[in-house]
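A.B. asks: attaching a predicted model along with its sequence, questions to come.
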Amino acid sequence: MNKLKIGMISFAHGHAFSYLNSLVSMPEVEVAGIADEVKSRVEAVAVKHGIPYFEDYRELLSKDLDAVVICSENVRHAELTIAAAQAGKHVLCEKPLGISKREMEEMIAACKENGVQLMTAFPCRYLPAVVQAKQAVERGEIGEIVAIKGTNRGSFPGGWFADKALSGGGAVLDHTVHVMDLMHWFLGAEVQEVYAYATTVFQEQNIDDAGMVHVKFDNGVFAVLDPSWSRNRSFPTWGDVTMEIVGTRGVLSVDAFAQKNDVYSVQAGKGEWSYWGDNMDEYLVRSFVEALRHGKPVPITGEDGMKAAAVALAAYESAAQGQPVRL
C-alpha cells in the first residue's frame with residue numbers, strides 16, 4: 001500500500017505541532033507540505049523534517065495529496081475545509097469545527113459533495129481514563145446515566161484566542177466542545193436545551209473567560225459543564241478534563257489527566273504536573289490515517305463537531321437572553 005500523503009494548513013493553533021510530530025513518526029505517512037502565511041511559525045519544523053513550505057494554502061492544495069490537517073484560527077476553518085474538499089482532499093479539522101451552524105453545514109456538505117471525509121479533532125476521546133469509563137458504562141457498571149458534571153478548565157491562551165474576530169468566541173466556545181463531545185458520545189443522545197452563563201472574570205480582555213453551561217438531553221439526562229479559562233500562571237498545568245457520571249447504580253469519576261508525576265522545580269519556580277499517560281493526539285491522528293488507508297469512515301465526524309459547537313453557540317445565546325434556549 002502506498003504512503004498516505006498529508007499536508008498541513010496553518011500552525012496558528014498549537015496542536016498542529018503535536019499532530020505533526022505524530023504524523024512524521026508514522027512510516028505509512030508522508031507529510032507532503034506545510035502551508036502557513038506566517039513563515040516564521042513553521043520554518044524550523046519544515047527544515048527539521050525536510051517538508052516543502054508554501055505561503056499560500058491553495059498552492060499546497062494543488063499538489064498530489066490525499067488529505068490535509070487544518071489548525072488555523074477558528075474563523076478560517078470553513079474557508080479552508082471547503083477549499084480542501086473542492087480539491088478532493090480529506091480533512092482533519094481542529095475544533096471547534098466552525099463558528100456558526102450555517103458554515104458548519106456548508107463544510108459537511110462540501111465534503112460529501114466531493115466524496116471526501118471530514119473528521120473533527122476531538123483527541124479527548126482517546127484519553128485512557130475516558131476510554132475505560134466508556135467501556136464501564138457500556139458494561140452497565142453504573143446502570144443508566146442520570147446526570148453528568150464536567151469540567152474543561154484551562155489557562156488563558158492569549159493571542160488570537162482572545163480576539164473574537166478570529167476565534168468566534170472565548171472560553172465557552174473553546175472549551176465547551178471537548179467535554180460536550182464526550183457527553184454526546186457517552187449518551188448517544190442529542191442536547192435539547194441549553195441554559196448558560198458567560199462573562200469576563202479573570203482577564204482584562206473583552207471576551208468571555210468564564211462560564212457555566214447547563215444542558216438537557218433528549219433522553220432526559222441533565223449535565224453541567226465548567227469551560228472557564230480559570231487556571232492562573234501558578235497552577236501546575238494548563239487545565240483539566242473531568243467528568244462525574246451519575247448512574248442509577250453508581251457514580252463514575254473521570255480525571256483524564258491523572259496519569260502524572262508531581263514535579264517541584266526550582267527552575268520553574270512552582271510545582272508542575274508531568275503527564276506520563278498515552279498521547280491522545282497521536283491516537284487521534286492515527287485513527288484518521290487508518291480510516292483513510294483502509295477506506296473506513298472516520299471515527300469522529302463533521303456532524304459530531306457541529307453538534308458540540310452548536311451547544312457552545314446556543315450557550316452564548318442563552319447567556320445574552322438570560323434564559324434557556326432550545327436547539
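C.D. replies: Yes, it's here. Numbers count the residues shown, from 1 in each chain.

A.B. asks: so the residue lying closest to residue 163 once chain neighbours are set aside versus residue 277, what's the distance?
C.D. replies: Leaving aside its sequence neighbours, residue 163 sits nearest to residue 207 (CB to CB, 6 or more residues apart in numbering; 7.6 Å). Just so you know, the C-beta spots here come from the backbone N, C-alpha and C atoms, and that holds for glycine as well. According to CB to CB, to the nearest Å, residue 207 stands 31 Å off from residue 277.

A.B. asks: circling back: show me what contacts the residue nearest to residue 163?
C.D. replies: Applying CB atoms under 8 Å, 6 or more residues apart in numbering, we find residue 207 in contact with 162, 163, 164, 167, 169, 170, 200.

A.B. asks: equivalent analysis for residue 270, please.
C.D. replies: Applying CB under 8 Å, 6+ apart to residue 270 gives the contacts 234, 236.

A.B. asks: okay, and the beta partners of it?
C.D. replies: Counting by DSSP bridges, residue 270 is bridged to residue 265.

A.B. asks: chain center to the helix ranked longest in the chain: distance?
C.D. replies: For the chain, the longest helix by residue count, based on DSSP state H, is helix 302-321. Put simply, helix 302-321 sits 14 Å off its chain's centre (CA atoms, centre = their mean, to the nearest Å).

A.B. asks: list the buried ones in that helix?
C.D. replies: Buried residues in helix 302-321, counted by 16 or more other CB atoms under 10 Å: 302, 304-316, 318-319.

A.B. asks: packing partners of that helix?
C.D. replies: With contacts defined as 3 or more CB pairs under 8 Å, 6 or more residues apart in numbering; DSSP states H and E, the packing partners of helix 302-321 are helix 101-113, strand 118-121, helix 171-187, strand 191-199, strand 210-217, strand 325-326.

A.B. asks: orientation of that helix relative to helix 171-187 in degrees?
C.D. replies: If you take axes from the mean of the first three to the mean of the last three CA atoms, to 10 degrees, helix 302-321 sits at 130 degrees to helix 171-187.

A.B. asks: do you know how far the residue in the chain sticking out farthest from the centre is from residue 272?
C.D. replies: Residue farthest from the centre of the chain, counting by CA atoms, centre = their mean, is residue 266 at 33.1 Å. Residue 266 sits 11 Å away from residue 272, going by CB to CB.
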